[in-house]
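[1] show me how the following folds:
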Amino acid sequence: MSANRGKLAIHGGNPVRDTYLSYGKQWISMQDIEAVVQTLQSPFLTQGPRLKEFEEAVADKVGAKYAVAFSNGTAALHGACYAAGITAGDEVITTPMTFAASANCVRYCGGTVVFADIRPDTYNIDSQKIRSLITPRTRAIIPVDFTGQPAELSEIMEIAREYNLLVIEDAAHSLGASYKGKRVGSIADMTMLSFHPVKHITTGEGGIITTNSKDLYNKLLLFRSHGITREASYMHKQSEGPWYYEMVDLGYNYRMTDLQAALGRSQIEKLDEFVNRRRQIVSEYNQRFANNPFIKIPYQLDGCDSSWHIYVIQLNLENLVVGRKEIFEALIAENIGVNVHYIPVHLHPYYQNLGYKRGIAPTSEWLYERILTLPLFPAMIDQDVEDVIAGVEKVLSYYG
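    Next comes the predicted model:
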């Protein structure tokens, strides 16, 4: 340990900043607040004109024909699996390096999750490992755009077309990103975007599925609203009158409110600004950390233009005298709000109880022990960025 560095806050020294800086945070303007207030004063609080406006704005932004908003991103993924026809006995391939919802949505429909390991550079699902896991029961692939960098969508879509599979892109991290010149949301059969407060824009809670398929669009609409329809082509008998509707399947109440949609409609106008600021912060991080012997900065594939939901560093533990836990706790004491994304899904007790074993995704398991997420959100000012850099350098140099 270096003796000529400042005393760590965890050991009684002064932290690099006086107030706690979270790893992610929403940015709500007066324009956003006014949009919600106007909706509160309107006749519609649940599903009304703001919802349709928001869906159309998202579809237009990503270059998709259709968009269906849900109460949250997990509900949206559930809807996508329903629309894909996932049921008991079906298999769906996804990555373990993600939030549990990417796999849970398959389980909600009775399907079996098959985990493909990740690339050691991008931390995204390894397209080369997908093919070997396909069986006659495979119905879909759920790639996850980890940190905001799109997965290998060309290769994944090619595999899917070869085996007649659907691709449900979990783009919770990648609104505003592009892949080989195409915007995320316009490439896969269905794409889920999340509007949780730490994401690129927020509706409080919320998610959306974009698609270019009219058939999938209609199934998504049906699923999010109790399986109830007024569309004549879906009803089993002729309408009895203007009031008539039918429940034709077992759907859910996964609807987004007009209040949420009003906030999202206002927020999406600032998406480019938010993403650009994220990229500026990442550029500064990359420049300052590039030659740090204690960490590895994120790797980006050619043709991928990340929208940078999170900034994940890999600790070079062989150059440090402590593990990730000590580094994490020391940074928190410096008021730098680090996090870890993610505990591999197959290591959670629920999946362990289903029979998934440690060792099925060695790259994900190895990486998990070494990663830290640093603060990254558009409302960060330059001093916040400097504080993060100072905190990381202070802690790592002490333990280096």
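[2] ok, which stretches of the stretch 301-400 of the chain are strands?
    Taking DSSP state E, counting those that start in this stretch to define them, one finds strands in the stretch 301-400 of the chain at 304-305, 311-315, 371-374.
[3] how far off centre is the last one?
    Translated: strand 371-374. How far strand 371-374 lies from its chain's middle: 16 Å, per CA atoms, centre = their mean, to the nearest Å.
[4] which outside residues touch that strand?
    Strand 371-374 is touched from outside by 23, 285, 310-315, 324, 327-328, 331, 336, 338-341, 388, 392, with contacts defined as CB atoms under 8 Å, 6 or more residues apart in numbering. All C-beta atoms are positioned from the backbone trio N, CA, C, and that covers glycine.
[5] now do the helices in the stretch 101-250 of the chain.
    In the stretch 101-250 of the chain, helices defined by DSSP state H, counting those that start in this stretch lie at 101-108, 127-133, 153-163, 214-224, listed in chain order.
[6] what of the stretch 301-400 of the chain?
    Along the stretch 301-400 of the chain, the segments classed as helices by DSSP H, counting those that start in this stretch run 324-333, 349-353, 362-368, 382-399.
[7] between these, which one is nearest to residue 181?
    Distance to residue 181, taken as CB to CB, is lowest for helix 362-368 among the helices of the stretch 301-400 of the chain, at 28.7 Å.
[8] next, the distance between the ends of stretch 183-203.
    For stretch 183-203, the first and last residues are 21 Å from each other (CA to CA, to the nearest Å).
[9] how far off centre is it?
    7 Å.
[10] what about that stretch, average pLDDT?
    Here stretch 183-203 scores 98 as its mean pLDDT.
[11] not counting its neighbours along the chain, what's nearest the residue sitting nearest the centre point of the chain?
    In the chain, the C-alpha closest to the average C-alpha coordinate belongs to residue 172, at a distance of 2.4 Å (CA atoms, centre = their mean). Spatial nearest neighbour of residue 172, excluding adjacent residues (CB to CB, 6 or more residues apart in numbering): residue 194 at 3.7 Å.
[12] what bridges to that neighbour?
    The bridge-partner assignment for residue 194, based on DSSP bridges, gives residue 207.
[13] which phi and psi does the residue located most distally from the centre of the chain have?
    The centre of the chain is farthest from one residue, residue 240, which by CA atoms, centre = their mean lies 43.7 Å away. As for residue 240, its main-chain torsions (degrees, to the nearest 10) stand at phi -90, psi -10.
[14] can you list contacts of stretch 273-286?
    For stretch 273-286, the external contacting residues (CB under 8 Å, 6+ apart) are 27, 148, 176, 200-201, 297-298, 306-309, 311, 374, 376-378, 380, 385, 388-389.
[15] buried residues, it. List them.
    Under the neighbour-count criterion of 16 or more other CB atoms under 10 Å, stretch 273-286 has 274, 275, 277, 278, 279, 281, 282, 285 buried.
[16] just the strands in the stretch 1-150 of the chain please.
    With DSSP E, counting those that start in this stretch as the criterion, the stretch 1-150 of the chain has strands spanning 66-70, 91-94, 112-115, 138-142.
[17] distance of the nearest residue to residue 112 once chain neighbours are set aside from residue 273?
    Once flanking residues are discounted, residue 112 sits nearest to residue 91: 4.8 Å by CB to CB, 6+ apart. In this structure, residue 91 lies at 41 Å from residue 273, with CB to CB, to the nearest Å as the measure.
[18] and for residue 102?
    Between residue 102 and residue 273 the computed distance is 28 Å (CB to CB).
[19] repeat that for residue 117.
    36 Å.
[20] now do the contacts for residue 323.
    Shown in contact with residue 323 (CB under 8 Å, 6+ apart): 317, 369.
[21] now with 7 Å, please.
    Each residue near residue 323 by CB atoms under 7 Å, 6 or more residues apart in numbering is listed here: residue 317.
[22] circling back to that earlier point, wait, doesn't the residue nearest to the centre of the chain sit right on residue 191?
    No. Between residue 172 and residue 191 there is no contact, the gap being 9.9 Å when judged by CB atoms under 7 Å.
[23] look at residue 386 and say how many residues are nearby.
    14 (other CB atoms under 10 Å).
[24] quick one: contacts for it?
    By CB under 7 Å, 6+ apart, residue 386 has no neighbours at all.
[25] pretty sure residue 367 contacts residue 123?
    Yes. Under the contact definition of CB under 7 Å, residue 367 touches residue 123, with a separation of 6.4 Å.
[26] just want to know which of the two has more residues nearby.
    residue 123 (25 against 18).
[27] thought the more buried one was touching residue 146?
    Yes. Assessed by CB under 7 Å, residue 123 is found in contact with residue 146 at 4.9 Å.
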